[in-house]
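Visitor: let me see the structure of the following:
(4 chains)
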There are 2 protein chains.
Amino acid sequence: MNNTTLKKISEALGISISTVSRALKNHPDISEKTKQRVTELAYALDYEPNANAVHLRTSKSNLFGILVPSISNFFYDSFIGSVEEESRKNNYSLMILQSGDDPAIEADNLKLCRQNRVSGVFACVTSYTSNMDPFVKLKDLDIPVVFFDKVPADSNYNKVCVADVASATIAAETIIQQKKKKILALFGNEQLLITKKRMDAFTKTIGKKAKLLVQHAHNSAEAELAATKMLQQKPDVVFCMSDEILIGAMKAIQKAGLKIPTDIGVMAISNGYIPKLYFPEITYAETSGYKLGKLAFSSMMACIAGSTVVQELTTDALLVPGSSL
Amino acid sequence: MNNTTLKKISEALGISISTVSRALKNHPDISEKTKQRVTELAYALDYEPNANAVHLRTSKSNLFGILVPSISNFFYDSFIGSVEEESRKNNYSLMILQSGDDPAIEADNLKLCRQNRVSGVFACVTSYTSNMDPFVKLKDLDIPVVFFDKVPADSNYNKVCVADVASATIAAETIIQQKKKKILALFGNEQLLITKKRMDAFTKTIGKKAKLLVQHAHNSAEAELAATKMLQQKPDVVFCMSDEILIGAMKAIQKAGLKIPTDIGVMAISNGYIPKLYFPEITYAETSGYKLGKLAFSSMMACIAGSTVVQELTTDALLVPGSSL
DNA sequence: AAAAATCCCTCAAAGGTTTGCGGAATTGTT
DNA sequence: AACAATTCCGCAAACCTTTGAGGGATTTTT
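Guide: Okay, the predicted model is just below:
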């Protein structure tokens, strides 16, 4: 252990600690000669300022907390990667915290954020989060919170969301343009806001222009079951509201030996990775985790800059054509 | 901003700061009555110790840095998730850093680790990392480094790796057991150690028991091209050394309209997510990012506990049967 | 009742950095 | 030569916590 400190440099050079500190910051009070002596020795000794001391003194941690149910997720990982990228560019670090979809762990993690006096928190709440107190405590400490993806219903929080309505609408329009007449539409957990939004927009856009078979599934396996069952009714296209659903539906289609797009068309809403795994590639309306990350970050920076307007932002949706319908 | 500190509590209660500190730590010197008064007020005021002050004072940061080329990766995300899980259980936090496969950014990130006086670093080096100085500097500060997955060739570093030899051997044995006679074997970048290891073990195990068609690809698209070309020679099984390769191969197989396993068999080495996306599910030899994370963490804890033995650890490999051959 | 032990708490320093203020030494102005 | 203005640097407090050492007040021992 050989930690170089300002003190060591000052003693070696016979000058005061404050002079060393100022010299390293290129303060105008310090002569060029002294600056050079200091910087040279600091370099030679591999001096790095102790971040804890800096943060303590300045009461600025330049650290963000990011809270997700799980890192291993096609959506969250790209979101996290995106936020990390921006954080680095803006001289912030990122502390990552998984809740495992457990509100108790979530609360623990938020406590950690408070202890570390983070500059802000990006949060995707668990499916079971009802008590918002831990988040309110952050607010009391003037720590901004930007919710993303799974956001609380309450309206006085900053949120960024993917374009649920726009993406579902695009998907429906695309299907209609292809003159499909019998749609198997697979949605996720009915309780979730995201499901409601996408389903409303989708069914509304389809209207009476096609026949709609609607099914719900909580995971890939359920989606596969539902799709297998419904494929017997010979829909000419299947719509999947998420990657998880798509995976199940594709298994069912492959199992049934159906050719895409001749036997059946496929349309999805996705972050983009999964649809490209298949041949032919699946056409999808994009809800990019990467874009959402950028949006979340800019929202965070606005908060830090002092903005007090609470807003809910939404990314734009984009049709990414494959060859699946 | 309403930060509660020991000082505020002490003033409110008319006792000294040190008494408050000790009371909160349940120190025997403090009377039960005082302890209760203190803890009650601390709770009421939402007191949380300032982590920066604690770390500064104790010169223990309880923070790990984790350095990967990219978070968005089927392997790294599960590794990171695994390490985060263990870290939390052991009262450590995790700072996440992406290099973007750029050695310059990698060096910057390591500097950040030094500034934060992290307790340790988990590192997966970039494909271009040749200068190990930034890592050596960590060592000079007694900061342990555990390399994982992409590890430096040099032998005096702590490393944890997936079971390249074992998994490739299992894959080859499985293929032989199925009496396959003509194998299309798809490997990644020839320059990488991982490719060499897996190829050596695979070809050696196959020996003369089957005919081997070997191809290399740098990414999914190249793998698809190579597979498409080689499928014309009608191999009865295709082996994919990684998820990336598997994705390309599967596209080629689907494109060619081949049925698995009747027309062709498929065997892969994988973290496990991708093989389960297809129907039928692909049989694979598992190289688990999750397991590797656990292994890396235990290696890290050994370092922190004072172990000085430098070792290279390897996870075990496991056959996960699908229905693809 | 005097000595020893116990209990409960305070003092003060340390950890490394930042920064307002003040001051000595140099230079420039009349 | 006396004064003012620069230039360069040091002092000391502050950020918040931890912890060894010490010290009054009460209780126990003889």
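
Visitor: give me phi/psi at the nearest residue to residue A:231 once chain neighbours are set aside?
Guide: Nearest non-adjacent residue to residue A:231, counting by Cβ to Cβ, 6 or more residues apart in numbering or on different chains: residue A:256, 5.4 Å away. Where C-beta positions appear, they are placed from N, C-alpha and C, glycine not excepted. Per-residue torsions, residue A:256: phi -70, psi -10 (degrees, to the nearest 10).

Visitor: find me the pLDDT at residue A:256, would you?
Guide: Model confidence at residue A:256, given as pLDDT, is 94.

Visitor: right, and it touches residue A:229 too?
Guide: No: counting by Cβ atoms under 8 Å, residue A:256 does not reach residue A:229; the two are 10.9 Å apart.

Visitor: picking up where we left off before, what's the neighbour count on the residue nearest to residue A:231?
Guide: Look at residue A:256: counted by other Cβ atoms under 10 Å in any protein chain shown, it has 14 neighbours.

Visitor: and the gap between it and residue A:137?
Guide: 52 Å (Cβ to Cβ, to the nearest Å).

Visitor: next one: residue A:101
Guide: Distance from residue A:101 to residue A:137, by Cβ to Cβ: 21 Å.

Visitor: for chain B, what are the nearby residues on the stretch 51-200 of chain A?
Guide: A:51-53, A:55-56, A:61, A:63, A:70-73, A:77-78, A:80-81, A:84-85, A:88, A:93-98, A:100, A:105, A:108-109, A:111-112, A:114-117, A:137, A:140-142 (Cβ under 8 Å from any Cβ of the partner chain).

Visitor: contacting DNA strand D as well, which ones from those?
Guide: A:53, A:56 (Cβ under 7 Å from any atom of the strand).

Visitor: what element comes up after the worst-scoring helix or strand of chain A on mean pLDDT heading to the C-terminus?
Guide: Scoring the helices and strands of chain A by mean pLDDT, DSSP states H and E places helix A:133-140 at the bottom, with a mean of 92. Next helix or strand after helix A:133-140 toward the C-terminus (DSSP states H and E): strand A:145-148.

Visitor: packing partners of the very next helix or strand once past that next one?
Guide: Along the chain past strand A:145-148, the next helix or strand (assigned with DSSP H and E) turns out to be strand A:158-161. Packing partners of strand A:158-161 (3 or more Cβ pairs under 8 Å, 6 or more residues apart in numbering or on different chains; DSSP states H and E): strand A:145-148, helix A:289-304, strand A:312-314.

Visitor: which among those is found nearest to DNA strand C?
Guide: helix A:289-304 (16.9 Å; Cβ to the nearest atom of the strand).

Visitor: pull out the buried positions in that closest one.
Guide: Neighbour counts using 16 or more other Cβ atoms under 10 Å in any protein chain shown place A:289-297, A:299-304 of helix A:289-304 among the buried residues.

Visitor: which bits of the stretch 151-300 of chain A sit near DNA strand D?
Guide: Counting by Cβ under 7 Å from any atom of the strand, no residue of the stretch 151-300 of chain A is near DNA strand D.

Visitor: let me see the confidence value for the residue in the stretch 151-300 of chain A that DNA strand D sits nearest to.
Guide: In the stretch 151-300 of chain A, the residue that lies nearest DNA strand D is residue A:300 (22.8 Å; Cβ to the nearest atom of the strand). Predicted confidence (pLDDT) for residue A:300: 97.

Visitor: that one against residue A:143, yeah?
Guide: No: between residue A:300 and residue A:143 there is no contact under Cβ under 8 Å: 10.8 Å.

Visitor: overlap in contacts, those two.
Guide: Common neighbours of residue A:300 and residue A:143 (criterion: Cβ atoms under 8 Å, 6 or more residues apart in numbering or on different chains): residue A:120.

Visitor: contact partners of the least confident helix or strand of chain A?
Guide: By Cβ under 8 Å, 6+ apart, helix A:133-140 touches A:106-107, A:110-111, A:113-114, A:121, A:123, A:145, A:152, A:157, B:2, B:46.

Visitor: can you give me the first-to-last residue distance of stretch A:149-162?
Guide: End-to-end span of stretch A:149-162 (Cα to Cα, to the nearest Å): 7 Å.

Visitor: okay, now residue A:213: neighbour count?
Guide: Neighbours around residue A:213, by other Cβ under 10 Å: 15.

Visitor: can you verify it is assigned to a strand?
Guide: Yes: counting by DSSP: H, G, I helix; E, B strand; the rest coil, residue A:213 is part of a strand.

Visitor: quick check on residue A:287: phi, psi?
Guide: Residue A:287 adopts backbone torsions of phi -120, psi 90, taken as degrees, to the nearest 10.

Visitor: so it sits against residue A:273, correct?
Guide: No: using Cβ under 8 Å as the test, residue A:287 is too far from residue A:273 to be in contact (11.8 Å).

Visitor: which of the two has more residues huddled nearby?
Guide: Taking other Cβ under 10 Å, residue A:287 and residue A:273 do not tie; residue A:287 has more neighbours (28 against 16).

Visitor: what's the closest non-adjacent residue to the more buried one?
Guide: Excluding the flanking residues, the one nearest residue A:287 by Cβ to Cβ, 6+ apart is residue A:162, at 3.7 Å.
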